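Peer 1: how would this look folded up:
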Amino acid sequence: MIDSFAELTLQARDPRRLERFYREAFGFETLAREDDRVWPGVGKTARLGLWSPGPKEFGDEGGRHVHFAFSAEPGTLDELARRLRGQAGVRGPVEHPGGDRSIYVEDPEGNTVEVWDFFRRGSGARDGVDALR
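Peer 2: Next up is the predicted model:
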C-alpha cells in the first residue's frame, strides 16, 4: 500500500539557509514557504520540510538522526560529487558490495546526507536489508 516517502522534515536554526543549500547542492525547487518552515520538492512525489525549532502541530519535536538518503540514477554520482565539492565536504563515491554506490555530504545544520544509486539499479528494499547482514 505504501510505495515511497512523501516527506522528511529536518529541524533547522536557519531554514532559509538550509533551503539555499539544498537548492544549490541538489537543485531542489521550493514548493512553499511558511513563517517557520520551507518546503523544497524532492523528485516527483516527495518534499523536504525545513522547520525552525519550536512547538509544532501534532506534538512534533526536532531531534538528531543517523542520516538519510536520496535516490539517484546510476552514473550520476561522480558529477554530483564534483558539483558538491565546491559547497561542502564530500565522501565518495563509495562502492558497496554488489556494485551500488553512494556519496555522503554534511548539510549546514550537520545532517549527514547520502545520495545512493541502489534502488535505481533494479534492487529492492529487501535486497538492501539482506546485503547488510
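
Peer 1: Let me know the secondary structure of residue 80.
Peer 2: At residue 80 the chain is in helix, as set by DSSP: H, G, I helix; E, B strand; the rest coil.

Peer 1: Contact partners for it?
Peer 2: 26, 72, 103, 115 (C-beta atoms under 8 Å, 6 or more residues apart in numbering). In this view, the C-beta of every residue, glycine as well, is placed from N, C-alpha and C.

Peer 1: what's the distance between it and residue 33?
Peer 2: 26 Å (C-beta to C-beta, to the nearest Å).

Peer 1: ditto for residue 54
Peer 2: Relative to residue 33, and taking C-beta to C-beta, residue 54 is found at 16 Å.

Peer 1: Could I get the contacting residues of residue 117?
Peer 2: By C-beta under 8 Å, 6+ apart, residue 117 lies in contact with 71, 72, 73, 74, 75, 76, 77, 100, 101, 102.

Peer 1: Dig out what the first one forms beta bridges with.
Peer 2: When assigned by DSSP bridges, residue 71 has beta-bridge partners residue 116.

Peer 1: shouldn't it be in contact with residue 116?
Peer 2: Yes: between residue 71 and residue 116 there is a contact at 6.3 Å, judged by C-beta atoms under 8 Å.

Peer 1: of those two, who's got more company?
Peer 2: residue 116 (21 against 16; other C-beta atoms under 10 Å).

Peer 1: Please report the distance of that one from residue 100.
Peer 2: 7 Å.
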